[in-house]
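In: predicted coordinates and the sequence they were generated for:
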Amino acid sequence: MKILVCISHVPDTTSKINFADNDTKFDTNGVQFVINPYDEFCLTRAMWFKEKQGATVTVVNVGNASTEPTLRKALAIGADDAIRVDVEATDGLAVAKELAAVVKEGAYDLVLAGRESIDYNGGMVPGMLASLTDYNFVNGCVGMEIDGTAVSLTREIDGGSEKLSTSLPLVVAGQKGLVEEKDLRIPNMRGIMMARKKPLAVVAGISAAAATSAASFEKPAAKGAVKLVAADQIDELISLLHNEAKVI
Amino acid sequence: MSVLVFADTSEGKYKKSAFEVVSYGKKVAEQLGSSMVVLSINAESPQDLYAYGAEKVITVSNDSLANFNGKAYASVINQVAQKESSNVVIIDSSIDGLYLAPMLAVKMEAGYASNAVALPSSTSPFTVKRKSFSSKAFNNTVIATDNKIVGVSKNSFGVHENPVSGTTEAFEPALSDADFGVKSVSVDRAKGKVSIADADIVVSAGRGLKGPENWGMIEELADVLGAATACSKPVSDLGWRPHSEHVGQTGKPVASNLYIAIGISGAIQHLAGINASKVKVVINTDPEAPFFKAADYGIVGDAFEVVPALIEKLKVFKQS
Ligand SMILES: Cc1cc2nc3c(=O)[nH]c(=O)nc-3n(C[C@H](O)[C@H](O)[C@H](O)COP(=O)(O)OP(=O)(O)OC[C@H]3O[C@@H](n4cnc5c(N)ncnc54)[C@H](O)[C@@H]3O)c2cc1C
């Protein structure tokens, strides 16, 4: 089985979010970049298939050279090789089209991608990629087993879960549950050393056109200070929630 | 030209978000000077949408669509969009909305803006404000393509009544086996409980509660308020509560009107998932807990004293 894991290069979850150039660009100053947390679940699940059922695992990122340390980290976790599509990631559709070209070229059986990236939060790349390649698609996946080409999956739904069945080739958008968080892998020294020698191909990309663009960014309006209510004045809290905030 | 709104149902009944997207779509149609068409799949009473400005409701009744199916639903919406010459499609940003919209975007060759939090600020260029950076910021997104899809974030626009006398029209979509490459095997939904996504009020508790045996009072508080229960990540990691209750950056997002956080410190990853909630109340023993900076109302106090008192007072308040 050939598995492709899409890796997004995103600001660490504790990053302060600021914008530059008149609020038209994300300010990367002092920001640490990591593998998108949702993609980490996918990568770990891919490693499981590799070790338990036999598979090759390729990781791919659409982005400029600054994303290579993130791809190297994925290699250190255990992926066999990496592909960087040397195109500035602009919008979801353009990224999905670049990835679709990689998927078609490599004829992957299973493509795993995080449910969304924690920077632009579009949540659209996996579904678009599935449609562009005509692969089956399951979103928000929290469990997956593969037997031959038959796949059974569980996805999250509002207020519960749904069991699904489908077949390879397949695109799965994963999240926590696909593997448990305690099973996420941290690169060890040996992995880091080995990652240096693993192939990282840089491909030119197809220069797909974007459908959307980020014209500007803004931060939420500054919040007023918290109104503190004494612990023995619960009536006051209820009155504030009823009369002032009008939420109860 | 028209604006097509997909009003989703759950077991035949409209969700609140359906009324919200119809309210939103009506305004977008006004902005564009065009009409609005609403599509429902297997809805029991499509007439309910007239109250929100839906003059024309297209209904699809089809047993094969009884369970949500991302590809098949996208195919139906695409067919209706073609029939109605709709170049703007409005849907919700629920779990299912986020599943089908990217597939619809490829079919329609449309730019898609998910998690929109306001009406388009401009229709030329078509610009819509959406959540990004896990609600730590907003992104004013321009959709450049002729066809456009907007996914509306729950509770961001609200439900606005606008009664009209409407009509319904049945539509039979053409579906093939290829639309059902993914099959639903079974659905497991907690009955009688408010889901986090649908709840107007969410009562959430963290590690400050010390152990799973103390959740009785959290459930009781939620019961009194008609709220859903939620928790911080360590609580679900420790197995005190089900994973489905974990909210935050890596858990579920919450966009309720009221979010009550009890014994939760307010780590940045937790806040990222609940920033979109309108009013936040914090109960915490530690006056330095970061959550107080993000909250609207707060009580510095012990949850084991404050919560039982709050339950009693709320019971009295609800009766009055
Ligand atoms: C990549 C990453 C992703 C993450 N994603 C998430 C996420 O999605 N969601 C999430 O929640 N966390 C997430 N976290 C974890 C997050 O950083 C915090 O560790 C977590 O939110 C803390 O949970 P807590 O507030 O329940 O526990 P604690 O940090 O232990 O805080 C407990 C709080 O309870 C208070 N307390 C104690 N006793 C009482 C009492 N008797 N009455 C009232 N208050 C009391 C304490 O003062 C304290 O503020 C993530 C972390 C990482 C690194």
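Out: Received it, and whenever you're ready, just let me know what you need.
In: pLDDT score assigned to residue 26?
Out: Went with chain A since none was named. With respect to pLDDT, A:F26 has a value of 95.
In: I was after chain B.
Out: The predicted local confidence for B:K26 is 98.
In: surely it is within a helix?
Out: Yes - B:K26: assigned to a helix according to DSSP: H, G, I helix; E, B strand; the rest coil.
In: report the buried residues of the helix or strand containing B:V185.
Out: Secondary structure from DSSP states H and E places B:V185 in strand B:183-189. Counting neighbours by 16 or more other C-beta atoms under 10 Å in any protein chain shown, one finds that the buried residues in strand B:183-189 are B:S184. To be clear about C-beta, it is placed using only N, CA and C from the backbone, and glycine gets the same treatment.
In: now for it, which elements pack on it?
Out: strand A:150-157, strand A:160-167 (3 or more C-beta pairs under 8 Å, 6 or more residues apart in numbering or on different chains; DSSP states H and E).
In: residues of chain A that sit close to the ligand?
Out: Contacts of chain A with the ligand, taken as C-beta under 6 Å from any ligand atom, map to A:13, A:37.
In: with chain B instead?
Out: Counting by C-beta under 6 Å from any ligand atom, chain B sits next to the ligand at B:206-208, B:232-235, B:248-251, B:263-265, B:267, B:269-270, B:273, B:283-286, B:289, B:302-304.
In: which of the three states applies to the spatially closest residue to B:M36 that is not a sequence neighbour?
Out: Among residues not flanking B:M36 along the chain, B:A29 sits closest, at 4.1 Å (C-beta to C-beta, 6 or more residues apart in numbering or on different chains). Recorded secondary structure, B:A29: helix (three-state DSSP).
In: what's the local residue count around B:A29?
Out: By other C-beta atoms under 10 Å in any protein chain shown, 22 other residues sit near B:A29.
In: now do A:K163
Out: Neighbours around A:K163, by other C-beta under 10 Å: 15.
In: with B:V57 instead?
Out: Per other C-beta under 10 Å, the neighbour tally for B:V57 reads 23.
In: for it, give me phi and psi.
Out: With angles defined as degrees, to the nearest 10, B:V57 sits at phi -120, psi 120.
In: that one: what's it in contact with?
Out: Applying C-beta atoms under 8 Å, 6 or more residues apart in numbering or on different chains, one finds that B:V57 lies in contact with B:37-40, B:46-47, B:49-50, B:166-169.
In: tell me where chain A has helices.
Out: Taking DSSP state H, the helices of chain A run over residues A:37-52, A:68-77, A:92-106, A:125-133, A:189-197, A:234-239.
In: mind putting the ones you listed in JSON lines, mean neighbour count, distance to A:E145 and mean pLDDT included?
Out: Shown next, in JSON lines, are these (neighbours: other C-beta atoms under 10 Å in any protein chain shown; distance: least, C-beta to C-beta, whole Å; pLDDT from 0 to 100):
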{"stretch": "helix A:37-52", "mean neighbour count": "22", "distance to A:E145": "10", "mean pLDDT": "97"}
{"stretch": "helix A:68-77", "mean neighbour count": "21", "distance to A:E145": "22", "mean pLDDT": "98"}
{"stretch": "helix A:92-106", "mean neighbour count": "22", "distance to A:E145": "22", "mean pLDDT": "98"}
{"stretch": "helix A:125-133", "mean neighbour count": "27", "distance to A:E145": "19", "mean pLDDT": "98"}
{"stretch": "helix A:189-197", "mean neighbour count": "12", "distance to A:E145": "26", "mean pLDDT": "96"}
{"stretch": "helix A:234-239", "mean neighbour count": "18", "distance to A:E145": "48", "mean pLDDT": "97"}
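In: how about those helices, which one is nearest B:A199?
Out: helix A:234-239 (19.0 Å; C-beta to C-beta).
In: run through who's touching stretch A:54-68.
Out: If you take C-beta under 8 Å, 6+ apart as the criterion, stretch A:54-68 is touched by A:1-9, A:33, A:43, A:46-47, A:49-50, A:70-71, A:74-75, A:78-89, A:95, A:98-99, A:102, A:106, A:108, A:110, A:200, A:205.
In: give the contact list for the closest residue to A:V179 other than its chain neighbours.
Out: Nearest residue to A:V179, sequence neighbours excluded (C-beta to C-beta, 6+ apart): A:T44, at 4.5 Å. A:T44 sits next to A:77, A:178-179, A:183-185 when contact means C-beta under 8 Å, 6+ apart.
In: what about chain A, any weak spots by pLDDT?
Out: The model of chain A has no residue with pLDDT under 70.
In: B:F171 against B:Q82, yeah?
Out: No - applying C-beta atoms under 8 Å as the test, B:F171 and B:Q82 come out as separate, 11.3 Å apart.
In: tell me which of the two has more neighbours.
Out: Neighbours were counted for B:F171 and for B:Q82 using other C-beta under 10 Å; B:F171 has more, 17 against 12.
In: and the residue lying closest to the more buried one once chain neighbours are set aside, helix, strand or coil?
Out: Spatial nearest neighbour of B:F171, excluding adjacent residues (C-beta to C-beta, 6+ apart): B:I58 at 4.9 Å. The three-state assignment at B:I58 reads strand, by three-state DSSP.
In: could I get the full set of strands for the stretch 151-300 of chain B?
Out: Taking DSSP state E, counting those that start in this stretch as the criterion, the stretch 151-300 of chain B contains strands spanning B:167-170, B:183-189, B:201-205, B:228-231, B:258-262, B:279-284, B:297-300.
In: on that earlier part again, so what touches the strand holding B:V185?
Out: With C-beta under 8 Å, 6+ apart as the test, strand B:183-189 has contacts from A:152, A:157-166, B:67-69.
In: for these, which one is nearest A:Y135?
Out: Checking the contacts of strand B:183-189 against A:Y135 with C-beta to C-beta, the nearest one is A:T166 at 9.6 Å.
In: give me the number of residues near the closest one?
Out: Using other C-beta under 10 Å, A:T166 has 20 neighbouring residues.
In: wait, B:T123 touches B:A29, no?
Out: No - look at B:T123 against B:A29 with C-beta under 8 Å: they stay out of range, at 10.6 Å.
In: quick one, what contacts the closest residue to B:S61 other than its chain neighbours?
Out: The shortest distance from B:S61 to any non-neighbouring residue, by C-beta to C-beta, 6+ apart, is to B:N42 (5.9 Å). Contacts here follow C-beta under 8 Å, 6+ apart; on that basis B:N42 touches B:9, B:12, B:60-62, B:65-66.
In: cutoff 7 Å now
Out: B:9, B:12, B:61-62, B:65-66 (C-beta atoms under 7 Å, 6 or more residues apart in numbering or on different chains).
In: helices along chain B, start to end?
Out: Taking DSSP H as the test, the helices found in chain B are B:16-32, B:70-83, B:95-108, B:216-225, B:233-237, B:268-274, B:291-294, B:303-319.
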